[in-house]
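J.: structure for this input, please:
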Amino acid sequence: MVALEDTSLITGWLPVALTVAAALSLIWLVVRRGRSWWRVWIPTCVVATGLVTVAVYVFVENVWHPFPDPLAPSVYVWIGIGVLAVILGVCRTIVDNGILRRIATATATLLVVVTAAAHVNLEFDAYPTVRSLFGPSVDAVAFDEVPRSTEPPSVPVSEWTPPTDLPTEGKVASTPIPGTVSGFSARDAEIYFPPAYFASPRPQLPVLVLLAGQPGSPQDWLVGGTLTETMDTFAAEHDGLAPVVIVADGTGSEIANPLCVDSPLGNVATYLSQDVPAWIEANLDVSRDPSTLAIGGLSYGGTCAFQMTTNHPEVYPTFIDLSGQIEPTLGDRQKTIDTAFGGDVRAFEAVNPMDLLKTRRYPGVAGAFVVGSSDDEYRPGLQAVYEAAKAAGMDVHYLEVDGGHSFAVWSAGLKSQLDWLAHRTGLTR
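T.: Next comes the predicted model:
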């Protein structure tokens, strides 16, 4: 029997039960005796809900504009339902008498709001289980407790034999990676160390730099992205071997969109191409072969990963682009150029992957493009990027997995590419 904390929030009985409970709760909130309730209170609640929902839409999409693409209409529908429940709850609390009625009203309001939030979560699959609501469930250690070196020294993967006492699961540590050269103010990175990293001697493992989306944070890969489960499963099938995964911060804050370039919005390109690789060399006991460093990401992170490869193929010759955009954007090209490049079109084209692919060749680069089969917003752009990358000499492949623009796709997408990535970076033969 599945424990409550492991119950799925995106499939199974719980979303259905919440929806049924919310429907009954709305009936309680709406249905009440009295002419004034139906002639005054209900119309007032409906109008107020419409005004608040429209105001939220206008503010998010036209004023605040924290996301490069509009939110799905269903998100605003569920926001509207949540707002309606709150307004109805306030109104019923005002007109009702009796403590029990008011408790019932408060409970009904809470159920509808929770259900609305659950349906918004269904759009992104950000929280797959009840447990994930309380943060990532990982075997966390302090970074200082992770052995920097082993005695005897680390050996090439081909010369390594797993010891009998090898751990069965990897560990995750949080640590800052300072923007020494870039000056970029990044949040702490999350680092996954596979079981083999704790062997003595340890194998010289490849490194995958992984990026979250926008809005987002490095922890997103541990929660919605189920990174530790994915990597532990791979390691269990390969004698404890898996890449060391550094989930680096590519935005600087939850809603920032610095476009993964060097600009007034932040020097993310220098941070990822210089500061992060230099930190890896100074702090991790991993392979020093440049061909074993890869980069990947989801949505904004996928766009950013491909930007790093096209602009710095000598640093990141291998990439995984999960549902990335056709180009970095703040919503439209002109706004992007004006805000981040001071109106200089050529400065934008000098770092934009689709423009670089027209004039450069990338014979030593390999990568994967993965997108949801029902992601109508991002799929056409990623297909175009794939074709341009192939024409520019990259060794690339393209895959569609079931789903839309969600963590279900990104988690499955990463999992689908691990065998290829391991072979590409020399982890397996």
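
J.: Ser8 contacts Leu18, doesn't it?
T.: No - if you go by Cβ atoms under 8 Å, Ser8 and Leu18 don't touch, sitting 11.9 Å apart. Backbone N, C-alpha and C define where each C-beta goes, glycine included.

J.: compare neighbour counts for the two and give me the winner.
T.: Neighbours were counted for Ser8 and for Leu18 using other Cβ atoms under 10 Å; Leu18 has more, 19 against 14.

J.: dump the residue contacts of that one.
T.: 111, 114-115, 118 (Cβ atoms under 8 Å, 6 or more residues apart in numbering).

J.: go ahead and confirm Leu272 touches Ala189.
T.: No - counting by Cβ under 8 Å, Ala189 is not a contact partner of Leu272; they are 11.2 Å apart.

J.: overlap of the contact sets of these two?
T.: Ala248.

J.: between the two, which is the more surrounded one?
T.: Leu272 (30 against 21).

J.: what about that one, distance to Thr107?
T.: Going from Leu272 to Thr107 by Cβ to Cβ, to the nearest Å gives 48 Å.

J.: any weak-confidence spans in this structure?
T.: 1-3, 137-138 (pLDDT under 70).

J.: ok, longest helix in it?
T.: helix 99-124 (DSSP state H).

J.: what helices or strands is that one leaning on?
T.: helix 13-30, helix 73-95 (3 or more Cβ pairs under 8 Å, 6 or more residues apart in numbering; DSSP states H and E).

J.: tabulate those helices (CSV), appending distance to Ala140.
T.: Output for the helices and strands packed on helix 99-124, formatted as CSV (distance: least, Cβ to Cβ, whole Å):
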stretch, distance to Ala140
helix 13-30, 27
helix 73-95, 32
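
J.: tell me where the stretch 151-300 of the chain has helices.
T.: 227-236, 268-270, 276-283, 300-311 (DSSP state H, counting those that start in this stretch).

J.: any chance of the contacts of Leu18 in CSV, plus distance to Pro277 and neighbour count?
T.: Listed next are the contacts of Leu18 as CSV, based on distance: Cβ to Cβ, whole Å; neighbours: other Cβ atoms under 10 Å:
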residue, distance to Pro277, neighbour count
Leu111, 49, 20
Val114, 44, 16
Thr115, 45, 24
Ala118, 40, 18
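
J.: what's the closest of those to Arg333?
T.: Checking these against Arg333 with Cβ to Cβ, the nearest one is Ala118 at 35.9 Å.

J.: relative to Glu229, how far out is that closest one?
T.: From Ala118 across to Glu229, the span is 22 Å (Cβ to Cβ).

J.: which of the helices of the stretch 151-300 of the chain is buried the deepest?
T.: Scoring the helices of the stretch 151-300 of the chain by mean neighbour count under mean count of other Cβ atoms under 10 Å gives helix 300-311 as the most buried, with a mean of 28.

J.: between the helices of the stretch 151-300 of the chain, which gets nearest to Glu254?
T.: Comparing those by Cβ to Cβ, helix 300-311 comes nearest, at 12.0 Å.

J.: CA-only coordinates of that closest one in PDB, if you can.
T.: Output in PDB follows, covering the C-alpha atoms of helix 300-311 (Å, rounded to 0.1, in the frame of the first residue of the first chain):
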ATOM      1  CA  TYR A 300      14.900  28.200 -20.100                       C
ATOM      2  CA  GLY A 301      17.600  25.900 -18.900                       C
ATOM      3  CA  GLY A 302      17.500  23.900 -22.200                       C
ATOM      4  CA  THR A 303      17.800  27.100 -24.200                       C
ATOM      5  CA  CYS A 304      20.700  28.200 -21.900                       C
ATOM      6  CA  ALA A 305      22.400  24.800 -22.300                       C
ATOM      7  CA  PHE A 306      22.300  25.100 -26.100                       C
ATOM      8  CA  GLN A 307      23.600  28.700 -25.900                       C
ATOM      9  CA  MET A 308      26.600  27.500 -23.900                       C
ATOM     10  CA  THR A 309      27.400  24.800 -26.400                       C
ATOM     11  CA  THR A 310      27.100  27.100 -29.500                       C
ATOM     12  CA  ASN A 311      29.000  29.900 -27.900                       C
END
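
J.: that one to helix 276-283, inter-axis angle?
T.: Orientation check (axes from the mean of the first three to the mean of the last three Cα atoms, to 10 degrees): helix 300-311 against helix 276-283 gives 90 degrees.

J.: neighbours around the closest residue to Ala235 other than its chain neighbours, how many?
T.: Residue nearest to Ala235 in three dimensions, not counting chain neighbours: Ala242, with 4.1 Å by Cβ to Cβ, 6 or more residues apart in numbering. Residues within reach of Ala242, counting by other Cβ under 10 Å, total 29.

J.: gap between Arg101 and Thr93?
T.: 9 Å.

J.: returning to that earlier point: flag every buried residue along the longest helix of the chain.
T.: Residues 104-105, 108-109, 111-124 are the ones in helix 99-124 that count as buried (16 or more other Cβ atoms under 10 Å).

J.: off-centre distance for stretch 375-393?
T.: Centroid separation for stretch 375-393 versus its chain: 20 Å, with Cα atoms, centre = their mean, to the nearest Å.

J.: extract the C-alpha trace of that stretch and format it as PDB.
T.: The C-alpha trace of stretch 375-393 is given here as PDB (Å, rounded to 0.1, in the frame of the first residue of the first chain):
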ATOM      1  CA  ASP A 375       4.000  20.800 -26.300                       C
ATOM      2  CA  ASP A 376       2.600  22.900 -29.100                       C
ATOM      3  CA  GLU A 377       4.300  26.000 -27.800                       C
ATOM      4  CA  TYR A 378       7.900  24.800 -27.800                       C
ATOM      5  CA  ARG A 379       7.900  21.700 -30.100                       C
ATOM      6  CA  PRO A 380       8.000  23.600 -33.400                       C
ATOM      7  CA  GLY A 381      10.900  25.800 -32.300                       C
ATOM      8  CA  LEU A 382      12.900  22.900 -30.900                       C
ATOM      9  CA  GLN A 383      12.400  21.000 -34.200                       C
ATOM     10  CA  ALA A 384      13.800  24.000 -36.100                       C
ATOM     11  CA  VAL A 385      16.800  24.300 -33.800                       C
ATOM     12  CA  TYR A 386      17.500  20.600 -34.200                       C
ATOM     13  CA  GLU A 387      17.500  20.900 -38.000                       C
ATOM     14  CA  ALA A 388      19.800  23.900 -37.900                       C
ATOM     15  CA  ALA A 389      22.200  22.100 -35.500                       C
ATOM     16  CA  LYS A 390      22.300  19.100 -37.700                       C
ATOM     17  CA  ALA A 391      23.000  21.300 -40.700                       C
ATOM     18  CA  ALA A 392      25.900  23.000 -38.800                       C
ATOM     19  CA  GLY A 393      27.600  19.600 -38.400                       C
END
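
J.: contact partners of that stretch?
T.: 69, 299, 306, 321, 323-326, 353-354, 357-358, 360-363, 365, 367, 369, 371-373, 396, 398, 400, 403-405, 409.
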